[in-house]
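**Student:** Just the structure for this:
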Amino acid sequence: MLAVLKSGTSRCKIEELKLALEKDGCIVRESSEDGRCILGLIGKNSVLEKLNSSGCIEEIKEVQEPYKLANRMFKPDGTVIRVKNETIGGAKLAVIAGPCSVESEEQIVDIARKVKEGGAGFLRGGAFKPRTSPYSFQGLKLHGLELLKIARQETGLPIVTEIMSTDTLDEFVENVDIIQVGARNMQNFEMLKQLGRTKTPILLKRGFSATIEELLMSAEYIMAGGNENVILCERGIRTFETYTRNTLDLSAIPAIKRMSHLPVIVDPSHAAGHWWMVEPLSKAAIAVGADGLMIEVHDDPENAKCDGPQSIKPKRFRNLMEDLSSIACFEKRVI
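**Tutor:** Prediction:
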């Protein structure tokens, strides 16, 4: 529920009320709108009596949706997540770029330098790779994580990589700037609970056939554990169409932005599965309000160990970033 406090309620009174509610087992989140304090509450119905007896409540609103902490009603302003010197959400668009998988130190460091020169603010690269076939390249695993750290040291770019199991959670929390949860694990609730106990930003990808509400409920699992640094990612959903790898649901972007305060980025590479579609889909994503992009970049896509057909080369990435600047400006944003 949402408790709208009366105008003029003192800070001392607000803190006193919050403390009393938290002692009663409530999760309390404070926001403001039109100069009034709003408390978002998740807890027992018995808190209504405490609220009504406080003498400072103007209105109580029920939140009907099952997702609470991720709900825009709980936080009218969009969330901005800070990662080192970069942000995701707000006026500046975040661009995460790099190869699908880490293949060698020379490869990841070289691509990291090139995407940074092109304007990327984050480096992506898979160390642990979920693959449909057990015979496909599965990633360099912990060694790949070490190579990502070297690339970060060389370029200063925060690193984004996917976690496959909670067995490696300690290594990820210690070494990774943004932990990615892939589409296959979007509803791995035990993993989400564990990630909720960390403070590391989580990039949560939409599942193959997940509804928008199911995506938000997965984010809720992480946030309910105490980690509210969640970034949502639209990467295409499975439909009857087979021409593209997935069907990019661009309509999900404005829908999610209306429903939730969490930042939303788009992965056009996994959505299309074709390198030549990455550019137009990236431009469309920014035009409909995405907070950023995650783009696969490889210097030798024909010989990539993973997802070469959907990767663009560094020069094309640099040209794309120049084009995106114009669209971002039109949308009153910067890249």
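**Student:** ok, Ile27 - how many residues close by?
**Tutor:** The number of residues packed near Ile27 is 16, by other Cβ atoms under 10 Å. The way it works is simple: take the backbone N, C-alpha and C, and place the C-beta from them, glycine included.
**Student:** I'd assumed Ile38 was in contact with Ala3.
**Tutor:** Yes: between Ala3 and Ile38 there is a contact under Cβ atoms under 8 Å: 7.1 Å.
**Student:** which residues of the stretch 51-200 of the chain fall in helices?
**Tutor:** Ranges of helices in the stretch 51-200 of the chain, per DSSP state H, counting those that start in this stretch, are 105-118, 142-155, 169-175, 189-196.
**Student:** how many neighbours does the closest residue in space to Leu248 that isn't next to it in sequence have?
**Tutor:** Counting by Cβ to Cβ, 6 or more residues apart in numbering, Ala271 is the residue found nearest to Leu248 once chain neighbours are left out, at 3.7 Å. If you count neighbours by other Cβ under 10 Å, Ala271 ends up with 24.
**Student:** what does the average pLDDT come to for whichever strand or helix holds Ala271?
**Tutor:** Per DSSP states H and E, Ala271 falls inside helix 268-272. The pLDDT scores in helix 268-272 average 95.
**Student:** cool, stretch 127-142 as well?
**Tutor:** Regarding stretch 127-142, the rounded mean pLDDT is 83.
**Student:** Equivalent analysis for stretch 192-201, please.
**Tutor:** If you average the pLDDT over stretch 192-201, you get 97.
**Student:** for stretch 32-50, same thing?
**Tutor:** Averaging pLDDT along stretch 32-50 yields 76.
**Student:** Show me what it is in contact with.
**Tutor:** The contact list for stretch 32-50 (Cβ atoms under 8 Å, 6 or more residues apart in numbering) reads 1-7, 9, 14, 17-18, 20-21, 24-31, 58, 60, 63, 68-69, 71, 73-76.
**Student:** Buried residues of it, list them for me.
**Tutor:** In terms of neighbour count (16 or more other Cβ atoms under 10 Å), stretch 32-50 has its buried residues at 37-42, 47, 50.
**Student:** Show me just the buried residues among the contacts of stretch 32-50.
**Tutor:** 1-5, 9, 14, 17-18, 20-21, 26-29, 31, 68-69, 71, 73-75.
**Student:** Going by distance to Ile111, which of the buried residues of stretch 32-50 wins?
**Tutor:** Set against Ile111, the nearest of the buried residues of stretch 32-50 by Cβ to Cβ is Gly40 (41.8 Å).
**Student:** Could you report the distance from that closest one to Arg206?
**Tutor:** 24 Å (Cβ to Cβ, to the nearest Å).
**Student:** what's the most buried one of the helices of the stretch 51-200 of the chain?
**Tutor:** Highest mean neighbour count of the helices of the stretch 51-200 of the chain: helix 105-118, a mean of 20 (counted as mean count of other Cβ atoms under 10 Å).
**Student:** Check which helices and strands it sits against.
**Tutor:** strand 94-98, strand 122-124, helix 142-155, helix 314-330 (3 or more Cβ pairs under 8 Å, 6 or more residues apart in numbering; DSSP states H and E).
**Student:** Could you provide those in CSV, with additional columns for distance to Ala284?
**Tutor:** Shown next, in CSV, are these (distance: least, Cβ to Cβ, whole Å):
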stretch, distance to Ala284
strand 94-98, 15
strand 122-124, 20
helix 142-155, 29
helix 314-330, 9
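**Student:** wait, which of the ones you listed is closest to Met191?
**Tutor:** Short answer: helix 142-155, nearest of the helices and strands packed on helix 105-118 by Cβ to Cβ, at 17.4 Å.
**Student:** Which secondary structure elements does the closest one sit against?
**Tutor:** By 3+ Cβ pairs under 8 Å, 6+ apart, helix 142-155 packs against helix 105-118, strand 122-124, strand 159-162, helix 169-175.
**Student:** quick one, that helix and helix 105-118 angle?
**Tutor:** 40 degrees (axes from the mean of the first three to the mean of the last three Cα atoms, to 10 degrees).
**Student:** Relative to Ala272, how far out is Arg152?
**Tutor:** With distances taken as Cβ to Cβ, Arg152 is found 28 Å from Ala272.
**Student:** for Ile335, same thing?
**Tutor:** With Cβ to Cβ as the criterion, Ile335 and Ala272 are 21 Å apart.
**Student:** do Ile286 as well
**Tutor:** Ile286 is 16 Å from Ala272, by Cβ to Cβ.
**Student:** same deal with Arg197?
**Tutor:** The gap separating Arg197 from Ala272 is 35 Å, by Cβ to Cβ.
**Student:** Who has more neighbours out of these two?
**Tutor:** Neighbour count, other Cβ under 10 Å: between Arg197 and Ala272, Ala272 has more, with 22 against 12.
**Student:** pLDDT value on the residue lying closest to the more buried one once chain neighbours are set aside, please?
**Tutor:** In this structure, Ala272 finds its nearest non-sequential neighbour in Thr244, 5.0 Å apart by Cβ to Cβ, 6+ apart. Per-residue pLDDT puts Thr244 at 95.
**Student:** ok, and Thr244, which helix or strand is that part of?
**Tutor:** Using DSSP H and E, no helix or strand contains Thr244.
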